[in-house]
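Colleague: got a structure for you, letters missing:
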């Protein structure tokens, strides 16, 4: 997929509709300049974000994944972000065992009114990912050991 | 007349290196704790004293293969008019598998009857089969799980092989089995082996003698059919089955597959990947109905297919080569021999008048 | 699927930094896209017509609009595609304004990003399915929780509108905080005289069922069909028989019971009616102080009661009410000011709260309307008022302004002078917030006509000096320290969320802010709605409010309820979770995590399965991310829909 | 095994009230046992317990729901039973649990490595500290401690945590409390090496799903995401990406539920060190929530619950 060569890295955001997506809107309305790397996937609630989506996104080659939801106690669905917090924290601590730098995934809380905070979050996360550079890429099926050798011979 | 050559143990690697110039060469080496047929790598130790964890099945029947690449393209005048370009990915090049066991090589003969039928040959299988040669190593030791002698084979059986290598004192006696195999035996590293034939034959006899007592499976096809509807029988023998696919995927003669399409944007691929009859999805119908709903039904199919249905349509040949991997690798210790014997011995309870 | 893509210029809002024509051109190459164009103002009438026409001309069965945030116009465009005969859920938006054009000026990067967002939207759309609402019946009864002035207003308005109302009040009488006030600002009219008749109206209204001394035990169900379990706490008095004659109070030998209504100024009897105008006017025994209940000896009330209504064996009782809407009007509580060591932390009897002072001013209060120092009963000469106690103070976790203390302090200063013409009042304040109609004029009167001395500054210390108190503080306008000899100090204590507010919010499944005040649906546009359909707010439970605002909200909430009930059936939101019964293994993890109790266990041919109650499900999707085998799928945000977005963005 | 006869007697007494009792019997060679389903009196004689009783029989329980089932459990297996009870996947009244003090089970991979290639195994004798294996015409003497499963060294629950009949004397838990040496070593590896490690290990996965099917907590069974198209998480391609992703799905779905019985790794015919992922998950769960799966049938797994204030989560610090 087109990532502006040399300029952007592939950063995917999962945002809850009620708070953080609104916060990102507020940042837009306030014309708060942000890096352009991030692509946002809107979900109803941070509780909807199965940590496996994040793993899948990283497995698919994303360089960074950012999750943002309502502040604890402010969840539109009362409890979604409480579940999300536990699950995302576990994921955050788990990822390094796979060889992913811990900073490739972060989660945070941004309310619909916190446009400025959203700008800071995006800027900071994008900088963090650029510092880490492109994520290590998994060898595709064509490169699995057997076939790798086959190709070498052919 | 078969060509008979001799190679010193120390020359095996150099010989494979020679072969690797013309063919893809696979030989057993360790990957972690698993002994696998892997692309020949001079840096890696080749392990020949024991049977590999996994037969060289992937060399002809890959775990998954891309049958077709397809691309959609749109008519710029009418975007909803879509053209599909499909390109078949026929395998090319030739392969040599070194160190397969007689049971491993013989396994593919079970495939052949299915995939190389005159009416409907499988072109992907055919292309690889034609161009894959087996230098099979006769067994020098027998394991508790070995039972090739029950299924009309033996530890020196050349069926399905191109060259049979028999371990002798300081090296291997190489006997060509096929014409293609004969062509492999032209290296300068090889010497005439006729003088060692007697030694080799003696070794073969010795090994054949050390294997478990054979069992007569002649009645297996009909006896298994006799218990077909006896679900109590199958529930008992399958009780410990976990419904995983280890037995099937490690089996040199299991050949079932599934086909799925995966698309990304305007491109896609048609995949053929291994499938196994132990999985509930194997027979799952689109309606949600599953004719083999329980593991008892599924294990019945696996055993029944190998020891009854296949022999019935393929001239009595049992679709099992006796390698014993299904026994050794079964996480629940299911022993297929036990099930077949139990079926043969099964006496239906007398029906009360 | 045949998808139409419409990339909006939004005048120059988007086109200024995004090449919309290039985005549309790129979109033509996406799977399923059969038509793509850029338009000037997609949301305008001609813009919408263009969509409708394109759907017809190109037989589109899905539409992507790339424009502003879906939070702005998703509903608009859903109606547009519906007009053209498509299901409203076969529509997706790509937010290329707030999330692209407005946050950066790099046209190349923006165009590229906008293209990505359209690709995501189109690839999600390929997995969208038509969703249909269901109609369901509603129970046109309303529950109002809290019998303060906001709850009373809501109850009366609803009842007048023809609805059956269930009013639940925690204490033995309705009236709330307003009933405790002597006068109200800025008119200085008698609080009880204006509230009293409304209370009587509640008691007499045929449409209103009042449960006093009762609390909400459990709420289940959903908009239109709530089941509410109400706990009627034991009063040890059979209220059906009690006439409120008060003979029991005159004879009760236990006279040291806490007088809650009078804010602890004075004591009352163990069996009591809180005040003469109480509604319902019924007696209740305070078990903590009743000799019969504590020690088994006494029972005088039972002997003197002419109607024989005393029942020492009474237990809590539960009743279930079915309602279609709920109004929370649970009010506020006073901040516990004793955390302020500088004000004596509760050690000085002559430092009292504004509400205690209010009771002292009231003719029906424990002092009969005479201002007396609690310590010695003497009339004070110098009365010092300290504002912003537990209000606008970060250090005690109350950074917000309660908003009405400035006004009641001015009122109390005026009343002090009325009661004690010789007295002198001082008011320590931070700022004067008098923003209502006639409010600023009122505070000026306190200063100018009643000679209240307003000192802008905080009090740093109060300590005893002889039989009076020395109040030391700063006068920031003069830049000096001031000391005032005070006979009585009145603290303008701020409001905080009512005790138990959080617990009730959880039962009602509404959210509350970090202070415990309930969250409105939208700070500007949905002031009395919550994010839970069918639950509304009135009064100070949403944030501190004065009487007129509380009354206005009571009426507003009532009008929302009446509006809701103007239809005979409601349509459910189809963006709910659905359980694939074939995949479900009945492990119940979804039931465990659903915040709404929207998933029930059913028996399917002898197997346990989960089933979503469509009307209760709010569409959060926690069940979907909890279900390991993906059997529960939130419609419109299914795993496959989200995965298709992920795959559109990253594919190795 | 010391208490074998006592166990048999106990089962004999209970069998009339049960449809089946799951235990172990001798396997295909002297180094292997196999799960043994006792339905009739005469089946009892073949029961054997000992260091080869590796299988976690709890895996079979959800599939036998509705039947009266007896099950013989090691301490570690009993934790899986507790976990299944916790998740309402089995009914307590339908399960009769036979416990015994377990002194550890072997790791077949370790034996295989220690023996090298032997050919046919003829016999095996186990004393308290040593194992003597007759194979390929030779006798191999191994120290028991060399071939015991890793989990047994740090075993905290050698006696069934839940049982209806317990035979023998309860023994005390291992003094060693941490068993995560391999995890610790792994976590000291640089990130790129870990990344490469998993790619190499996952490469040989054959997607047989023995790991999943042997896992007592993989209760989705026929409805696993692995083969599903809706939801479509994985392709059927033989790619490291898909195979690795499956292991992450497995590990995450076990978060807070895994009792580290190690069946996934034991079952893997390719000897992929799958338990490592679960150990890591458990370590984090324990640190975050002070929670250990399979000890309390009344507990709720931490990812299915929450606290408004989480003591150990400092998410605001990012």
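Modeller: Nice, thanks for sending it over. These numbers were taken from a predicted model, which means no experiment stands behind them.

Colleague: roughly how far apart are the residue in chain B sticking out farthest from the centre and residue C:22?
Modeller: Distance from the centre of chain B peaks at residue B:77, with 51.7 Å (Cα atoms, centre = their mean). Distance, residue B:77 to residue C:22, by Cβ to Cβ, to the nearest Å: 20 Å. For the C-beta atoms, the positions are set from N, CA and C on the backbone; glycine is no exception.

Colleague: next SSE downstream of the lowest-mean-pLDDT helix or strand in chain B?
Modeller: Least confident element among the helices and strands of chain B, by mean pLDDT, DSSP states H and E: helix B:197-210 (a mean of 92). As assigned by DSSP states H and E, the chain's next helix or strand after helix B:197-210 is helix B:220-226.

Colleague: now stretch C:378-389: buried residues?
Modeller: Under the neighbour-count criterion of 16 or more other Cβ atoms under 10 Å in any protein chain shown, stretch C:378-389 has C:380, C:382, C:383, C:384, C:385, C:386, C:387, C:388, C:389 buried.

Colleague: wait, which of the residues you listed is closest to chain A?
Modeller: Distance to chain A, by Cβ to the nearest Cβ, is smallest for residue C:388 among the buried residues of stretch C:378-389, at 24.9 Å.

Colleague: how is that closest one assigned, secondary-structure-wise?
Modeller: On the three-state scheme (DSSP: H, G, I helix; E, B strand; the rest coil), residue C:388 is labelled strand.

Colleague: pretty sure it sits against residue C:405.
Modeller: Yes. Residue C:388 is in contact with residue C:405 according to Cβ atoms under 8 Å; the separation is 7.0 Å.

Colleague: anything in stretch B:180-188 near chain A?
Modeller: No. Stretch B:180-188 lies apart from chain A when judged by Cβ under 8 Å from any Cβ of the partner chain; the minimum separation is 15.9 Å.

Colleague: pLDDT on that stretch, on average?
Modeller: Averaged across stretch B:180-188, the pLDDT comes to 95.

Colleague: still on that earlier bit, what do residue C:388 and residue C:405 both touch?
Modeller: Listed as contacting both residue C:388 and residue C:405 by Cβ atoms under 8 Å, 6 or more residues apart in numbering or on different chains are C:492, C:494.

Colleague: need the per-residue pLDDT for the residue nearest the centre of chain A.
Modeller: Nearest to the mean C-alpha position of chain A, counting by Cα atoms, centre = their mean, stands residue A:65 at 1.6 Å. Looking at residue A:65, its pLDDT stands at 98.

Colleague: what about it, which helix or strand?
Modeller: With DSSP H and E as the test, residue A:65 turns up in strand A:64-69.

Colleague: chain center to that strand: distance?
Modeller: Chain-centre distance of strand A:64-69: 4 Å, with Cα atoms, centre = their mean, to the nearest Å.

Colleague: is it in proximity to chain D?
Modeller: No. Strand A:64-69 is not in contact with chain D by Cβ under 8 Å from any Cβ; minimum separation 10.2 Å.

Colleague: elements contacting that strand?
Modeller: For strand A:64-69, the elements it packs on are strand A:11-16, helix A:20-29, helix A:51-59, helix A:80-98, strand A:105-109, helix A:115-132, judged by 3 or more Cβ pairs under 8 Å, 6 or more residues apart in numbering or on different chains; DSSP states H and E.

Colleague: one more time with 10 Å, if that's ok
Modeller: strand A:11-16, helix A:20-29, strand A:38-43, helix A:51-59, helix A:80-98, strand A:105-109, helix A:115-132 (3 or more Cβ pairs under 10 Å, 6 or more residues apart in numbering or on different chains; DSSP states H and E).
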